[in-house]
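# Coordinates for the following, if possible.
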Amino acid sequence: MKKNIAIIMGGFSSEFEISLKSGQVVYNTLDPEKYHLYRIHILKDKWVFVNDLKEEFPIDKNDFSVMVNETKITFDCVFNAIHGSPGEDGYMQGYLELLHIPQTSADMYQAALTFNKRDCLSALKPYGIQCAESYFVNLGDAIDEDAIIAKVGLPCFVKANRAGSSFGISKVYQKEDFKTAFEVAFAEDDEVIIESYLDGTEVSVGVINYKGKVTVLPITEIVSDNDFFDYKAKYLGQSQEITPARISDEQSEKVRTIAKKVYEVLRLKGFSRSEYIFKNGEPHLLEVNTVPGLTEASILPQQAKEAGISLKHLFESAVESALNLQKKGRD
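Numbering: from 1, shown residues only. A predicted model of the protein is given here:
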């Protein structure tokens, strides 16, 4: 009997349009002969099932069901393609867990932790994971620019703490730039992290649970045409994403080992993509993404392709892993 799979997409953040593209790719790729597939748009003003005729049917949030032509549809599994809130910060995970509906991404606590850059880096430091020097500021705090410079130096990065896709990030070269940088960051979040600039090769490492096994995908080197890997570099083609990365075997082994350690220490599941910059030959962690982009042009699908894993098998594995975890939980 075919399972009902809800593909959730959209979200409440600046990333919703990217998420809609990721979700559509998942919808187009999963086998309709194997699953009943439903596109579910989770937006600030509505939660709706959208059929192929673009008709919308409201989701009943009491049990995450939908009425279509007087038939109530419930879901066996949710494929999470929401970047940012509420799909990458733990809210949807907690909601679905309460309803006992399995989903394909990290669990609630892990999603919340990794979405909070400050907390995630702090949790990983005791395990020997190296990262940039950092300084924290919350909205309403007195901002001591001299103290920030003394701690992290110049240039540095001012980032929204809980945002993705390079929203709310600025590179600061001089003290006078801080005011605008904080305005940009606080437009996305009321918490900010300021990090020292690491001058080195940037790489992205996908780690996934594929057919029940933690698998490190081929490494991607990021070469931005811009000053850093910003939104335009990520999504408007203003960068080179080179897979496999042009790094030494020693560097490759180091970052693969660390990326797998991060995945296992944080007890992640599903897909993840972590970013690193090499400084003095050592990979320094920038951040961990638990709902990475899933379009054909996105980094994780590129890495899967290099590893010989098709999008269909990648997405099917995520669904089957989620269903199997629920089955084990019942046994």
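
# domain assignment for this protein?
Split into domains by automatic domain parsing, the chain comes to 3-105, 113-130+199-319, 134-196.

# Reformat these as JSON lines; add distance to Leu325 and mean neighbour count.
(Each C-beta comes from the backbone N, C-alpha and C, glycine too.) Below are those laid out as JSON lines (distance: least, CB to CB, whole Å; neighbours: other CB atoms under 10 Å):
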{"stretch": "domain 3-105", "distance to Leu325": "6", "mean neighbour count": "19"}
{"stretch": "domain 113-130+199-319", "distance to Leu325": "7", "mean neighbour count": "19"}
{"stretch": "domain 134-196", "distance to Leu325": "25", "mean neighbour count": "17"}
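
# Using the three-state scheme, assign the closest residue to Ala304 other than its chain neighbours.
Spatial nearest neighbour of Ala304, chain neighbours left out: Leu314 (4.9 Å); criterion: CB to CB, 6 or more residues apart in numbering. Using DSSP: H, G, I helix; E, B strand; the rest coil, the structure places Leu314 in helix.

# hang on, Leu314 packs against Tyr210?
Yes: counting by CB atoms under 8 Å, Tyr210 is a contact partner of Leu314 at 7.5 Å.

# Could you export the domains of the chain to TSV, including columns for mean pLDDT?
Listed next are the domains of the chain as TSV, based on pLDDT from 0 to 100:
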stretch	mean pLDDT
domain 3-105	97
domain 113-130+199-319	91
domain 134-196	93
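
# The closest residue to Pro86 other than its chain neighbours is in what secondary structure piece?
Leaving out its chain neighbours, the residue that sits closest to Pro86 by CB to CB, 6+ apart is Met92, at 5.0 Å. Element membership of Met92 [criterion: DSSP states H and E] is helix 91-98.

# CA atoms of that helix as CSV?
Listed in CSV are the C-alpha atoms of helix 91-98, where the atom choice follows Å, rounded to 0.1, in the frame of the first residue of the first chain:
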residue,chain,number,x,y,z
TYR,A,91,9.3,24.1,15.7
MET,A,92,7.9,21.7,13.0
GLN,A,93,9.9,18.8,14.4
GLY,A,94,8.3,19.3,17.8
TYR,A,95,4.9,19.7,16.4
LEU,A,96,5.2,16.6,14.3
GLU,A,97,6.7,14.6,17.1
LEU,A,98,3.7,15.4,19.3
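
# Other residues contacting that helix?
Helix 91-98 is contacted from outside by 8, 42, 64, 78, 80, 82, 85-86, 102-103, 105-108, 111, using CB atoms under 8 Å, 6 or more residues apart in numbering.
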